[in-house]
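J.: A structural model of the following input is requested.
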Amino acid sequence: MWKTAPLLIATLATAALLASCTAAGESSKPSGSPTEAVMTTPRDTLESLEPCRDLPELPTARCGSVTVPLDRHDPDSATTTVAFALVPRTDASTPGLGTIVPNPGGPGTSAIDATGALFAEALAPLMDRRDVLLVDPRGVGRSDALTCGAVEGAELVFGSVQDQRTAVGECGRQLGDRVDDYGTTAVADDIESVRLELGIDKLDLLGISYGTYLMPVYAERHPDHVRTITMAGAYSVNDDPTGAVGAAAFRRAVTLACASAGTCSGETVLADLATLAEQLRARPDAVQVTYDGTTHDVVVDEWQLASVAGRVFSNVPDPDGLTALAESAAAAKSGDLEPLRAFVAASLTATADIASAGPDVVSVAQSWATICHDYPRSFDYADSVEARKQAHAVAQAELDDNDFAPFSASAWTTRADYDNGGCLEWPNDPTAQAPFAKGAQLPDVPVLVLSGDLDANTPSASGREAAAQFPNATFVEIPGAGHTPAVTAEGGEKILTFIAEGES
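T.: As a prediction, this is how the structure comes out:
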């Protein structure tokens, strides 16, 4: 997903993805052989690693770590640990064909403890002659998990957009000198350090959501060590899918999902949502939500509506969520806001459950440290916070509300989890920039990009932008798929076949 803090759904999305991917692989194991044999970890290196005694679901996995500088540009930099778990191929009697390196997204999600067993299960049809290498990004899980008291736990889920911005800024200040050490280029170079440690020649890169941002960065920096790249739920390094393109994808998803279900009219749902959004702009409502013994007074305004509505198409398809959203908007026309209150409460409760997972699974601090370092902004960190807010307001005023229907531009672009002003109060970071410039030369390797037509998180338009970064990538839109499309049998089968054959 493009931004997960504070919405931390990557783990659950990947779980669904991998279950489907496994089923696809078992029903029809890909045939064919790769055009070029690639290395797996040499046997003596593998045996030098310790068994992963605390990963019972991966009984053959071997664990290790590398120590790397926090700042590779500073010879006096402090160091951090990057942990990995290697799941070896099952047939050691023949040469290995490759090493698959998956990243489940986030940023901030653990590849080892959160999704490692699921990845190994899903990729099992390929693992007779391929290893799976799980690397926790710096600041996540076993790799010196990063924490900030300001953003930990479920409290912020029930807050306002300003509450979240204030907390993110405080987290940046709590990080201090480490504020600029968690960009995607550093994470990509950490993967390279692990590759060198294990003596592997080339990697098969598999990126899910934010992983589709990370893997092109690795490829740009280390092009000679990439065999294939598979990306599901993709967006490009210099693309912002949270703006008008996301709103257009939301409208399309509502229309397609209603037509498929046969229980609603997309045109009617969108019109009802527009009416409700206008009503809440003029007269916000409220609901009390009790979570973990604490009762929160939640304002139900247009921003909250855009936030909970957007979540319906920011993960796997959610027919029940669409039904509840449609019924809430319809009931509001007659003055009944009770269905809306119940819908908001249920959405926030589910989000709070995931936000409480803890840094061993998802590091909210690392997520924001990456987002605020890498992602596009309408303001300059060198300016004061007040000047940043003014620049952001000017940029927001230039947006056309019609492009963001059924919501206003302000509500959609600042909604929870995807707030384009989320880093307004982040400390000054002179190094903050995209990992590479638009038009940068990426290697001419086999690339498969999958998008779902029901994904308003990383829409198909963003997937096409992601594919266009490469000389000869193949783009495929999967009908009926959300975020991400590998949850479908078709998507899972394409992933397995592509990695096996090395071509799409």
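J.: C-alpha from now on. contacts and neighbour counts both.
T.: Noted.
J.: where's Thr81, which helix or strand?
T.: strand 79-87 (DSSP states H and E).
J.: in that strand, what counts as buried?
T.: 80-87 (16 or more other C-alpha atoms under 10 Å).
J.: Helices of the stretch 201-350 of the chain, start to end?
T.: 211-221, 244-261, 266-282, 302-312, 319-332, 338-355 (DSSP state H, counting those that start in this stretch).
J.: Any chance of those in CSV with distance to Ile499, mean neighbour count and mean pLDDT as columns?
T.: Below are these laid out as CSV (distance: least, C-alpha to C-alpha, whole Å; neighbours: other C-alpha atoms under 10 Å; pLDDT from 0 to 100):
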stretch, distance to Ile499, mean neighbour count, mean pLDDT
helix 211-221, 15, 24, 99
helix 244-261, 29, 20, 97
helix 266-282, 37, 19, 98
helix 302-312, 31, 24, 97
helix 319-332, 32, 19, 97
helix 338-355, 31, 19, 96
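J.: Figure out which of these is closest to Asp453.
T.: helix 244-261 (6.7 Å; C-alpha to C-alpha).
J.: Point out the other helices and strands that the closest one packs with.
T.: helix 266-282, helix 319-332, helix 460-468 (3 or more C-alpha pairs under 8 Å, 6 or more residues apart in numbering; DSSP states H and E).
J.: Dump the C-alpha coordinates for that helix into CSV.
T.: The C-alpha trace of helix 244-261 is given here as CSV (Å, rounded to 0.1, in the frame of the first residue of the first chain):
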residue,chain,number,x,y,z
ALA,A,244,-7.1,12.4,-8.3
VAL,A,245,-6.1,9.1,-9.8
GLY,A,246,-7.1,7.4,-6.5
ALA,A,247,-10.4,9.1,-6.5
ALA,A,248,-11.1,8.1,-10.0
ALA,A,249,-10.2,4.5,-9.1
PHE,A,250,-12.6,4.7,-6.1
ARG,A,251,-15.5,5.8,-8.4
ARG,A,252,-14.6,3.0,-10.9
ALA,A,253,-14.4,0.4,-8.1
VAL,A,254,-17.8,1.3,-6.7
THR,A,255,-19.3,1.1,-10.1
LEU,A,256,-17.7,-2.2,-11.0
ALA,A,257,-18.4,-3.8,-7.6
CYS,A,258,-22.0,-2.8,-7.6
ALA,A,259,-22.5,-4.1,-11.2
SER,A,260,-20.8,-7.4,-10.2
ALA,A,261,-22.8,-7.8,-7.0
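J.: From the rest of the structure, what touches that helix?
T.: Helix 244-261 has contacts (C-alpha atoms under 8 Å, 6 or more residues apart in numbering) with 264-267, 269-270, 310, 313, 319, 322, 403-406, 412, 453-462, 480.
J.: circling back to that earlier point, CSV for the helices and strands packed on helix 244-261, including distance to Ala440?
T.: Shown next, in CSV, are the helices and strands packed on helix 244-261 (distance: least, C-alpha to C-alpha, whole Å):
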stretch, distance to Ala440
helix 266-282, 39
helix 319-332, 40
helix 460-468, 11
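J.: Show me how far stretch 126-143 is from its chain's centre.
T.: 17 Å (C-alpha atoms, centre = their mean, to the nearest Å).
J.: what mean pLDDT does it have?
T.: What stretch 126-143 shows for mean pLDDT is 97.
J.: Can you tell me which of the contacts of helix 244-261 are classed as buried?
T.: 264-266, 269-270, 310, 313, 322, 403-406, 412, 453-462, 480.
J.: Greatest separation within the buried residues of strand 79-87: which pair is it?
T.: Checking the buried residues of strand 79-87 with C-alpha to C-alpha, the most distant pair is Thr80 and Val87, at 23.2 Å.
J.: show me the contacts for Ala117.
T.: Each residue near Ala117 by C-alpha under 8 Å, 6+ apart is listed here: 57-58.
J.: Look up how far Pro56 lies from it.
T.: Plainly put, Ala117 is 9 Å away from Pro56 if you go by C-alpha to C-alpha, to the nearest Å.
J.: next one: Val161
T.: From Val161 to Pro56 the distance is 41 Å (C-alpha to C-alpha).
J.: Those two: which is more packed in?
T.: More neighbours surround Val161 than the other of Val161 and Pro56, with 20 against 10 (other C-alpha atoms under 10 Å).
J.: Need the pLDDT of the more buried one.
T.: Val161 is given a pLDDT of 96.
J.: Skipping its backbone neighbours, what lies nearest it in space?
T.: Ala416 (6.8 Å; C-alpha to C-alpha, 6 or more residues apart in numbering).
J.: On the three-state scheme, the one you found is what?
T.: coil (DSSP: H, G, I helix; E, B strand; the rest coil).
J.: Would you check that Ala274 makes contact with Phe404?
T.: No: if you go by C-alpha atoms under 8 Å, Ala274 and Phe404 don't touch, sitting 10.3 Å apart.
J.: Could I get the contacting residues of Val66?
T.: Applying C-alpha under 8 Å, 6+ apart, the residues near Val66 are 81-83, 193-194, 197.
J.: Now do stretch 59-79: distance to the chain's middle.
T.: Worked out by C-alpha atoms, centre = their mean, stretch 59-79 lies 23 Å from the chain centre.
J.: before we move on, what about stretch 270-288?
T.: Per C-alpha atoms, centre = their mean, the centroid offset for stretch 270-288 relative to its chain is 29 Å.
J.: Return it as PDB; C-alpha atoms alone will do.
T.: Presented in PDB, the C-alpha positions along stretch 270-288 are these (Å, rounded to 0.1, in the frame of the first residue of the first chain):
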ATOM      1  CA  LEU A 270     -21.800   7.800  -5.600                       C
ATOM      2  CA  ALA A 271     -24.600  10.300  -5.700                       C
ATOM      3  CA  ASP A 272     -25.700   9.400  -2.200                       C
ATOM      4  CA  LEU A 273     -22.100   9.700  -0.900                       C
ATOM      5  CA  ALA A 274     -21.700  13.100  -2.500                       C
ATOM      6  CA  THR A 275     -24.900  14.300  -0.800                       C
ATOM      7  CA  LEU A 276     -23.700  12.900   2.600                       C
ATOM      8  CA  ALA A 277     -20.300  14.500   2.100                       C
ATOM      9  CA  GLU A 278     -21.900  17.900   1.600                       C
ATOM     10  CA  GLN A 279     -24.100  17.300   4.600                       C
ATOM     11  CA  LEU A 280     -21.200  16.400   6.900                       C
ATOM     12  CA  ARG A 281     -19.200  19.400   5.600                       C
ATOM     13  CA  ALA A 282     -22.000  21.700   6.900                       C
ATOM     14  CA  ARG A 283     -23.000  19.700  10.000                       C
ATOM     15  CA  PRO A 284     -20.500  17.100  11.300                       C
ATOM     16  CA  ASP A 285     -21.900  14.300  13.400                       C
ATOM     17  CA  ALA A 286     -20.300  12.300  16.200                       C
ATOM     18  CA  VAL A 287     -20.100   8.700  17.600                       C
ATOM     19  CA  GLN A 288     -18.600   7.200  20.700                       C
END
